[in-house]
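J.: I'll drop the sequence and a predicted model, then ask my questions.
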Amino acid sequence: MDVAILGGTGKEGSGLALRWARAGHRILIGSRDRERARTRARELAAHLDGAAIAGLTNEEAARAGEVVVVAVPHAGHRALLEGLRDPLRGKVVLDTVVPLDFGAPRLYAPPPEGSAAEEAQAVLGPEARVVAALHQIAAHELKALDHPLDADAPLCGDDPEAKRVAAGLIESLGVRALDAGPLAMASVLEGLTALLVRLNRRYKVKGAGLRITGLEAGSGR
Ligand SMILES: NC(=O)c1ccc[n+]([C@@H]2O[C@H](COP(=O)([O-])OP(=O)(O)OC[C@H]3O[C@@H](n4cnc5c(N)ncnc54)[C@H](OP(=O)(O)O)[C@@H]3O)[C@@H](O)[C@H]2O)c1
């Protein structure tokens, strides 16, 4: 699958690019600067013996990707998407963004729409097929290619087919994708990252992760 990663030059996007390229997907790294994207694409491909990773502008990547992953800081999220309404029409948009305010006691700081993913849907309009996911899959874990990822990956969205496509892509990272329901659940999923940040601090670790128990006996998969 052709996977575009907006902000793919950064920590989370580059980690996802490595894991997905290794799983056989063609990766389109998006950036505000095409040269920066090309440089990062070359660096990442070198890790994987010449995997299919290209560098483009965010807009070029958004047009070319079958699935478009959003991996920019929340500060740039709304403005980025406002400029991409046309290229993202009809696309599966996998939003990983967590609005966090590290200076505030209330760490999770969502926009007025309720969550970053609902902000994306509001900005892009109903034709974009927004799925929220991957908020708890940390960049440093993605980068450690010699370690399997030890986590579940809940996702939510309003388009069942988009969620099916996103779940397949997520599972190719080697984690279990769990359908958590409609996009209205996105604030819960994004907010769980604030929980992991607090646990990491409290227990002086870097890798607190999320696992849901008790689903194995169900017939929903
Ligand atoms: N880091 C993690 O472990 C992790 C885990 C789960 C989810 N996430 C989410 O993933 C997103 C990215 O996190 P990150 O740690 O990868 O961040 P990052 O490395 O600081 O930034 C990612 C990329 O976003 C682009 N960018 C930065 N500011 C921007 C702006 N104002 N407008 C548009 N693009 C901008 C930059 O690319 P160019 O300069 O090349 O355009 C940058 O390389 C965040 O929303 C975060 O909540 C992160």
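T.: Nice, I can see it.
J.: in this structure, where is pLDDT below threshold?
T.: The model of the chain has pLDDT under 70 over residues 219-221.
J.: residue boundaries of the helices in it?
T.: 11-22, 34-47, 58-64, 77-82, 116-124, 139-143, 160-171, 186-202 (DSSP state H).
J.: how about those, which one is nearest residue 98?
T.: Minimum separation from residue 98 across the helices of the chain (Cβ to Cβ) falls at helix 186-202, 4.5 Å. (Each C-beta comes from the backbone N, C-alpha and C, glycine too.)
J.: the closest one vs helix 116-124, what angle?
T.: 140 degrees (axes from the mean of the first three to the mean of the last three Cα atoms, to 10 degrees).
J.: name the residues of helix 186-202 that are buried.
T.: By neighbour count on 16 or more other Cβ atoms under 10 Å, the buried set for helix 186-202 is 186, 187, 189, 190, 191, 192, 193, 194, 196, 197.
J.: other SSEs contacting it?
T.: Helix 186-202 sits against helix 116-124, strand 129-133, strand 152-157, with contacts defined as 3 or more Cβ pairs under 8 Å, 6 or more residues apart in numbering; DSSP states H and E.
J.: what sits up against stretch 17-35?
T.: Taking Cβ atoms under 8 Å, 6 or more residues apart in numbering as the criterion, the residues outside stretch 17-35 that touch it are 1-9, 13-14, 37, 40-41, 44-45, 47-48, 51-62, 64-65, 142-143, 145, 149, 169, 172-174.
J.: buried set for it?
T.: Neighbour-count burial for stretch 17-35 flags 17-22, 25-31, 34 (criterion: 16+ other Cβ under 10 Å).
J.: and that stretch, does that touch the ligand?
T.: Yes. Applying Cβ under 6 Å from any ligand atom, one finds stretch 17-35 touching the ligand at 31, 32, 33.
J.: let's see which of these end up in strands.
T.: residue 31 (DSSP state E).
J.: and of the helices and strands packed on helix 186-202, who's closest to residue 110?
T.: Across the helices and strands packed on helix 186-202, the minimum distance to residue 110, taken as Cβ to Cβ, is reached by helix 116-124, at 6.9 Å.
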